[in-house]
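Asker: Predicted model, plus sequence, below.
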2 protein chains.
Amino acid sequence: MVHEKLNQSVEILNEIGVDCWMTVDQESGVLSDPVMDFIVGTGVTWLSFFLVMANGETHAVVGNLDGEKFQRLNLFRHIHTYRDSPRETLVGILDKYNPRHIALNYSLDSAAADGLTHGKFLKLEQLLSGTPYTERWISAEPVIAALRGRKSEEEIRRIRKAIDITLEIYDQVTRQVRPGWTERQVAEMITRARLERNLEPAWEEEHCPSVFTGPQETGAHSGPTDRLLERGHVFNTDFGVRVDGYCSDLQRTWYILKEGETEAPETVIHGFDTIVGSINAAFECIKPGVRGVDVDTVAREYITSRGYGEYPHALGHQVGRDAHDGGVLLAPAWERYGDLPFAPIETGQVFTIEPRLYLQHHGVVTIEEMVQVTPDGARWLSRPQNRLYLIS
Amino acid sequence: MVHEKLNQSVEILNEIGVDCWMTVDQESGVLSDPVMDFIVGTGVTWLSFFLVMANGETHAVVGNLDGEKFQRLNLFRHIHTYRDSPRETLVGILDKYNPRHIALNYSLDSAAADGLTHGKFLKLEQLLSGTPYTERWISAEPVIAALRGRKSEEEIRRIRKAIDITLEIYDQVTRQVRPGWTERQVAEMITRARLERNLEPAWEEEHCPSVFTGPQETGAHSGPTDRLLERGHVFNTDFGVRVDGYCSDLQRTWYILKEGETEAPETVIHGFDTIVGSINAAFECIKPGVRGVDVDTVAREYITSRGYGEYPHALGHQVGRDAHDGGVLLAPAWERYGDLPFAPIETGQVFTIEPRLYLQHHGVVTIEEMVQVTPDGARWLSRPQNRLYLIS
């Protein structure tokens, strides 16, 4: 998989017109550039440099005691080791190619493309001071966005497996959860089901799953509480697992029947159908070349046109090695999303679609599906929730 | 523990004379500033700012959907949320205090103090453009070094527990390993012993433990191979576990007896005693105010004076939440260690002492102990290896 992504990165460099891409890492155990998982597949101790050139040449400059590991890995064609300082080796490699630009892993908007720390950036400037290369930095964000965004068949297989397991666990929720359980009990049930399968959560365990019930307004990213699941309320969960390094991220909504009810009241069904409708409207709109903001607008306006308040977040994000995988966002033009809503969607990308709305007296209705962009539209990776799940 | 470290950081700011310290994080699931574990204790989704002022005031600026979590945590005194942009809130807070300096988490040398990414630094400059604050950045390295370095009693208790378990597992190695096992088999035995105790490794599993046997020169940071443990050779391991978030990091050396031998040959004993002697020499030298480089020099010269080559790495590093915990290093004045060897040692810090030497025909002899700096010297946290362990 690392070989595959490293080769893919050479193709991307040529397509985008970048002649040199450099990833810098150090003490990976403390803090590691997320790109390392894609093109290196292991960590380093000392300050290290991984260069990929558009002509296909690859260089690793690593501390002497990391050297043997990289020889064994046999991934980068040229392995250079140093004891005192990497300066001479690094300058030598750059002199050999004299690249027009050197793409570094920083981005103002996308955390997934922002793995170079500020100190390592300053260190790089210090190491290369007196050379022309300190004037040639560009952001590697387009390279990383393409590398993460364009999923291979194997990557999709892993994501699908994570999705299938998540939905299997959600089916278990529908069968087992009863009125009077606490949010925390629902979360514990989901966590047990995950641990039985020996899987990691797709994000921080404290809110994976999150569980929200009832009409009290709550943040979407806090952990489950001792609040009780009451009849007449809706509850929702947000959960995902990591399978062979790849994530799912899915939300579902349940209604807890009152005594004597056999289905949810009209107002709840109307809210639920509005969420399904907005997801379908967004799905129809997704295809290569469309901007993320345009998809968000379609879903957002669908919901407000049916009389509900707009959701206070983005419609969707990419998913891959991370639940929030960076790159183009299906998001409104709010400053906090920077430029990410304005980039065009590409074939191969995997997105969530996750609108929400609030029903007074009942709670938050939300669904999160996952789709993949195809050459002429999108296809579902998740089996969409098209009816409200009922708990009695 | 997070409360304790957050309060400690206020003391440190006053002592160092820094009036404002700001930690910036975003999408912690993708990449998180290591400082977050110390003073925040949870992750964030949207671009967030955590300000600690020397006057004891603390502010968190987080995305709206992260807000409730921070209200519940009740850790930062002032919680501010935003939907579109954090700009106005952030400028408002800075205007209120008008700090002389704003310490940010970047460092040219210490990965543990270098959690601010370059993109987030640029974003910060963009958000604060037009204000005087973009001229007031300083590195928070001294703050973070003190915060990580000065261990509380509870932190020491956790580290000791990690050490005790590691030594217990090493005793098991001495009892169970036999000539003819492969490096990989030794590593598997150690990993099983760790998993039985439900513990995480102290660093990346692929070389935690590392196991090296025999006279073939190898890197210290590569994983175990199928090489056999042969009679007449030495083998060593490097291993640690994480207990309640805190690490151990210890190395031991074994000798595999030849048929008929009851102890190791004189040359091996001489090498082993040299390592013990150099560790003791370093131990005697450690006390507050001494520079790391001076401790390294004592151990290094002890070894070369007895006729061996010098070790190709630093003598020791700090240990805490991370096996490589940043701050002052017991290291030679090589460029790759930057300024870290030249800072003075402080009371409360925990160091490894880990020299090595190479014995032709036998292999690498190395021991790694852990010590804590006291007001007038140092004390052992590990039970030192003072005799070569024998395998027959």
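Answerer: In hand now; what should we look at? Numbers count the residues shown, from 1 in each chain, chains lettered A, B, ... in the order given.
Asker: helix or strand right after the helix or strand of chain A with the lowest mean pLDDT?
Answerer: Least confident helix or strand, chain A: helix A:67-73 with a mean of 89, by mean pLDDT, DSSP states H and E. Under the assignment DSSP states H and E, the closest C-terminal helix or strand after helix A:67-73 is strand A:78-82.
Asker: quick one: contacts of that next one?
Answerer: A:57-64, A:66-67, A:70-71, A:86, A:88-89, A:93, B:336 (Cβ atoms under 8 Å, 6 or more residues apart in numbering or on different chains). (Each C-beta comes from the backbone N, C-alpha and C, glycine too.)
Asker: Give me every residue in the stretch 201-350 of chain A lying close to chain B.
Answerer: Within reach of chain B by Cβ under 8 Å from any Cβ of the partner chain, the stretch 201-350 of chain A has these residues: A:203-204, A:206-207, A:218-223, A:312-313, A:322-324, A:326, A:334-336, A:338.
Asker: among those residues, which are in helices?
Answerer: Nothing among those maps onto helices, per DSSP state H.
Asker: Show the residue spans covered by the helices in the stretch 101-250 of chain A.
Answerer: A:118-127, A:141-149, A:153-176, A:183-196 (DSSP state H, counting those that start in this stretch).
Asker: Buried ones among the contacts of strand A:78-82?
Answerer: Buried subset of the contacts of strand A:78-82 (neighbour count, 16 or more other Cβ atoms under 10 Å in any protein chain shown): A:57-64, A:66-67, A:70, A:86, A:89, A:93, B:336.
Asker: quick one: which of these sit in helices?
Answerer: Under the assignment DSSP H, the buried ones among the contacts of strand A:78-82 contribute A:67, A:70, A:89, A:93 to helices.
Asker: Report the contact partners of the second one.
Answerer: With contacts taken as Cβ under 8 Å, 6+ apart, residue A:70 has the following neighbours: A:60, A:62, A:76, A:79.
Asker: what do you get for residue A:203?
Answerer: Residues in contact with residue A:203, defined by Cβ under 8 Å, 6+ apart, are A:240, A:247, A:249, A:323, A:324, B:29.
Asker: Any idea what the second one is bridged to?
Answerer: Using DSSP bridges, the beta-bridge partners of residue A:247 come out as residue A:242.
Asker: That one and residue A:201 touch, don't they?
Answerer: No: taking contacts as Cβ atoms under 8 Å, residue A:247 lies outside contact range of residue A:201: 9.1 Å.
Asker: overlap in contacts of those two?
Answerer: Taking Cβ under 8 Å, 6+ apart as the criterion, residue A:247 and residue A:201 both touch A:240, A:241.
Asker: residue ranges with poor pLDDT in the stretch 201-350 of chain A?
Answerer: For the stretch 201-350 of chain A, the stretches with pLDDT under 70 are A:217-221.
Asker: nearest spatial neighbour of residue A:27, skipping sequence neighbours?
Answerer: Counting by Cβ to Cβ, 6 or more residues apart in numbering or on different chains, the nearest residue to residue A:27 once its immediate chain neighbours are dropped is residue B:111, at 3.5 Å.
Asker: do the same with residue A:322
Answerer: Excluding its sequence neighbours, the residue lying closest to residue A:322 (Cβ to Cβ, 6+ apart) is residue B:30, at 4.8 Å.
Asker: Can you classify that neighbour by secondary structure?
Answerer: Secondary structure, DSSP: H, G, I helix; E, B strand; the rest coil: residue B:30 is coil.
Asker: Run through the residues that contact it.
Answerer: Neighbouring residues of residue B:30 by Cβ under 8 Å, 6+ apart: A:34, A:111, A:112, A:322, A:324, A:326.
Asker: how many neighbours does the last one have?
Answerer: The reference is to residue A:326. Residue crowding around residue A:326 was assessed by other Cβ atoms under 10 Å in any protein chain shown; the count is 26.
Asker: of all the contacts of residue B:30, which two lie farthest apart?
Answerer: The span of the contacts of residue B:30, defined through Cβ to Cβ, is set by A:34 and A:324 at 10.8 Å.
Asker: any common contacting residues for those two?
Answerer: Joint contacts of residue A:34 and residue A:324 (Cβ under 8 Å, 6+ apart) are A:112, B:30.
Asker: So residue A:247 and residue A:201 - more neighbours on which side?
Answerer: A direct count of neighbours by other Cβ under 10 Å for residue A:247 and residue A:201 places residue A:247 higher, at 28 against 21.
Asker: Could you pull up the residues touching that one?
Answerer: A:159, A:162, A:202, A:203, A:240, A:241, A:319, A:320, A:321, A:322, A:323, A:325 are the contacts of residue A:247 under Cβ under 8 Å, 6+ apart.
Asker: Let's see that with 6 Å instead.
Answerer: Contacts for residue A:247 were tallied using Cβ atoms under 6 Å, 6 or more residues apart in numbering or on different chains; they are A:162, A:202, A:240, A:319, A:323.
Asker: Who are the contact partners of the second one?
Answerer: Going back to what we said before, that points to residue A:202. Residues counted as contacts of residue A:202 (Cβ under 6 Å, 6+ apart) are A:240, A:241, A:242, A:247, A:249, A:323.
Asker: cool, the fourth one as well?
Answerer: By Cβ under 6 Å, 6+ apart, the contact list for residue A:319 reads A:247, A:249, A:325, A:350.
Asker: wait, doesn't the third one sit right on residue A:340?
Answerer: No: between residue A:325 and residue A:340 there is no contact, the gap being 11.6 Å when judged by Cβ atoms under 6 Å.
Asker: So the two - more neighbours on which side?
Answerer: Set residue A:325 next to residue A:340 and count neighbours by other Cβ under 10 Å: residue A:325 wins out with 27 against 24.
Asker: what's the closest non-adjacent residue to that one?
Answerer: Using Cβ to Cβ, 6+ apart, the nearest residue to residue A:325 is residue A:318, at 4.0 Å.
Asker: Just list whatever residues bridge to the one you found.
Answerer: Beta-bridge partners, per DSSP bridges, of residue A:318: residue A:351.
Asker: that older thread, how about TSV for the contacts of residue A:202, with distance to residue B:380 added?
Answerer: Output for the contacts of residue A:202, formatted as TSV (distance: Cβ to Cβ, whole Å):
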residue	distance to residue B:380
A:240	45
A:241	43
A:242	40
A:247	44
A:249	48
A:323	44
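Asker: hang on, the earlier thing: redo the contacts of residue A:203 as TSV? Include distance to residue B:38.
Answerer: Shown next, in TSV, are these (distance: Cβ to Cβ, whole Å):
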residue	distance to residue B:38
A:240	27
A:247	27
A:249	28
A:323	24
A:324	23
B:29	18
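Asker: What are the structural domain limits within chain A?
Answerer: The record's domain split for chain A, according to automatic domain parsing, is A:2-148, A:150-391.
Asker: Which one of those domains lies nearest to residue B:146?
Answerer: Comparing the domains of chain A by Cβ to Cβ, domain A:2-148 comes nearest, at 17.2 Å.
Asker: Next, the distance between the ends of the closest one.
Answerer: End-to-end span of domain A:2-148 (Cα to Cα, to the nearest Å): 12 Å.
Asker: so how far is it off the chain centroid?
Answerer: Distance of domain A:2-148 from its chain centroid, counting by Cα atoms, centre = their mean, to the nearest Å, is 22 Å.
Asker: The residue of the stretch 251-392 of chain A found nearest chain B: what's it in contact with?
Answerer: Closest approach between the stretch 251-392 of chain A and chain B, counting by Cβ to the nearest Cβ: residue A:335, at 3.6 Å. When contacts are counted by Cβ under 6 Å, 6+ apart, residue A:335 touches B:84, B:85.
Asker: neighbour-wise, which of the contacts of residue A:203 leads?
Answerer: Highest neighbour count within the contacts of residue A:203: residue A:249, with 30 neighbours (other Cβ under 10 Å).
Asker: Report the separation between that residue and residue B:392.
Answerer: Distance of residue A:249 to residue B:392, given as Cβ to Cβ, to the nearest Å: 55 Å.
Asker: Cool, thanks, signing off.
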